[in-house]
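Colleague: can you look at this prediction? I've put the sequence above it.
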Amino acid sequence: MVNNQSNKIRTRIAPSPTGLLHIGTARTALFNYIFAKKFQGNFILRIEDTDSERSKKEYEKDIVESLDWLGIKWDECYRQSERMDIYEKYIKKLLKEDKAYYCFCTEEELEAQKQYQISIGQAACYSGKCRGLPKEEINKNLKEKKPFVVRFKISDSSKKIAFDDLIRGKIEFDSELIGDFIISKGLKKPFYNFAAAVDDFEMKISHIIRGEDHISNTPKQILIQQTLGFSQPKYAHLPLILGPDRSKLSKRHGATAISEYREKGILPETLINFMAFLGWNPGTEREIYNIVSLIKEFSLENVQKGGAVFNIKRLDYLNGFYIRQKSDKKITELCIPYLIKADFIEPIDIDCPDGVNCPETVSLFEEEKPEFKIKEGDEIIDFDYLKKIVKIYQERLRYLSEIAELTDFFFKDKLEYDKDLLQWKDMTDKEVFNTLDKLEKILSKIEVKDFNKENLEKILMLEAEKIGDRGKLLWPLRVALTGKKASAPPFEIAEILGKEKTLKRIGEAKKLIK
Ligand code: GLU
């Protein structure tokens, strides 16, 4: 046996670029990353793109960007499509040593055979028809350019294949049930199990940590390792991620791609913390972990065998927590792309076609004082103005994209709402009009320099006390300023809008109710 196992821990994530980076793959990447880093090892990114029809560059880009955004950093990176010579070398070696063979069976033949086996209650596996083809027939077929696959030859079908899973303990398979499986289409299209086994060896992977759905692939990979004389890595199969109904997490449960969470405005630190608990727990009450503390605390012993249920409420809760930890400046920087995407504002002198993911939005903040144009009305505002707006919502934001619907009224020239919304309880139109009129009078007396939330609160609360029911004053004010039932306190909003806009909106509300 070729022993390539130094003591160094080396793990890998091996995504196929046939879709956006899935939260399940990202969770596997995280576990591999923190496990390697815990032992000062290396974490490897291997793009498994041998299926040229289904692999797409745009998915590879999404995988790379999403891992990078999560802060899961790889030490080495490989692309299987650039390693085809290596696989071919091993395929030829197996053929030469009679440990694999050419199979010329057509797809129709194989399908018919499979149907037959199923009909008589047998496991569907290859019959072995081409196993003993005479050399002359093989050569003739090759000469005629008949399409073929290469099959791995199970040498002893009575043999049991067993491995010690670090999470699940001993797992055993009958090689009889595996059958002579395909390792390559032609000589140049290696299949997953083969390319993965070769690469795990070539890349000196010490631990294979991956989803439970790959348990059935493990005996095939072990057979390949044994036949090629490779040493065997250690295996740990992580529990499946389940939706709230306990079926395997899928699209119908909601977002599954990391980029979808990113666009919604879930922070990377939230996802790291959340994903760590999809199958692992520290065995204590502690809930908040960043990537560094995970590296310190993680152990495979604390990974559960049973499915890990995805709890969206916990994700929202954690995101709210991490949003509240941000400085005013940082949270504003994070929210601005969503305001741009909603078409409320436009950065001055910067063309930003992709909104949230636009790299220009990032470089924007390198400027001392970035300025923006409010698209309705062309008013110019600066970063500090946006900071004030974002700040009053920081406490209640669950995810960043919510900022757009919560603050839209700051960016509208004219609000649209139903006049009935201005009524508090059983107030009549006349009462609402008089209240607005009173507000107009009171507020117009306050000087611009004193138009701040403290003064506004003091003055207006005094007035509200006189009326007895503060809703009668504050509700119409809130609706006039925001067009909404719920908002941040109207004093804070009035301060940000400023005296002129506040009075203009009250005037508009009066016109509406008249
Ligand atoms: N390309 C495989 C996948 O995306 C890798 C599985 C493995 O980790 O071996 O599922």
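Modeller: Nice, thanks for sending it over.
Colleague: how much space between the closest residue to the ligand within the stretch 301-450 of the chain and L238?
Modeller: Residue nearest to the ligand within the stretch 301-450 of the chain: V303 (15.8 Å; CB to the nearest ligand atom). Every residue, glycine included, has its C-beta placed from N, CA and C. In this view, V303 and L238 are 6 Å apart by CB to CB, to the nearest Å.
Colleague: what parts of the stretch 101-250 of the chain come near the ligand?
Modeller: Contacts of the stretch 101-250 of the chain with the ligand, taken as CB under 6 Å from any ligand atom, map to Y192, A196, R210, H214.
Colleague: give me the buried subset of these.
Modeller: Among these, those classed as buried by 16 or more other CB atoms under 10 Å are Y192, A196, R210, H214.
Colleague: returning to that earlier point: the ligand: which of the residues of the stretch 101-250 of the chain next to the ligand is nearest?
Modeller: Using CB to the nearest ligand atom, those come closest to the ligand at R210, 3.7 Å.
Colleague: how close does the closest residue to I312 other than its chain neighbours sit to E263?
Modeller: Among residues not flanking I312 along the chain, G254 sits closest, at 6.7 Å (CB to CB, 6 or more residues apart in numbering). Using CB to CB, one gets 13 Å for the distance from G254 to E263.
Colleague: looking at these two, which is more packed in?
Modeller: Set G254 next to E263 and count neighbours by other CB atoms under 10 Å: E263 wins out with 19 against 15.
Colleague: buried sites along the one helix or strand that one maps to?
Modeller: Assigned by DSSP states H and E, E263 belongs to helix 258-264. In terms of neighbour count (16+ other CB under 10 Å), helix 258-264 has its buried residues at I258, S259, Y261, R262, E263, K264.
Colleague: who in the chain is up against the ligand?
Modeller: Going by CB under 6 Å from any ligand atom, the residues of the chain near the ligand are A14, P15, S16, E48, Y192, A196, R210, H214.
Colleague: which one among the residues you listed gets closest to L415?
Modeller: The nearest member of the residues of the chain next to the ligand to L415, counting by CB to CB, is P15 at 46.9 Å.
Colleague: rewinding a little: V303 and L238 - which one has more neighbours?
Modeller: Neighbours of V303 and L238, each counted by other CB under 10 Å, are more numerous for L238; the result is 25 against 21.
Colleague: was I right about the more buried one contacting L30?
Modeller: No. In this structure L238 lies outside contact range of L30 using CB atoms under 8 Å: 10.3 Å.
Colleague: can you pull the poorly scored residue ranges out of the protein?
Modeller: Scanning the chain for pLDDT under 70 picks out 1-6, 350-368.
Colleague: for it, longest helix please?
Modeller: helix 490-513 (DSSP state H).
Colleague: how about S55, secondary structure?
Modeller: Three-state call for S55 (DSSP: H, G, I helix; E, B strand; the rest coil): coil.
Colleague: how much space separates it from S16?
Modeller: Note on S55: its distance to S16, by CB to CB, is 7 Å.
Colleague: swap in N7?
Modeller: From N7 to S16 the distance is 30 Å (CB to CB).
Colleague: which one of the two is surrounded by more residues?
Modeller: S16 (18 against 7).
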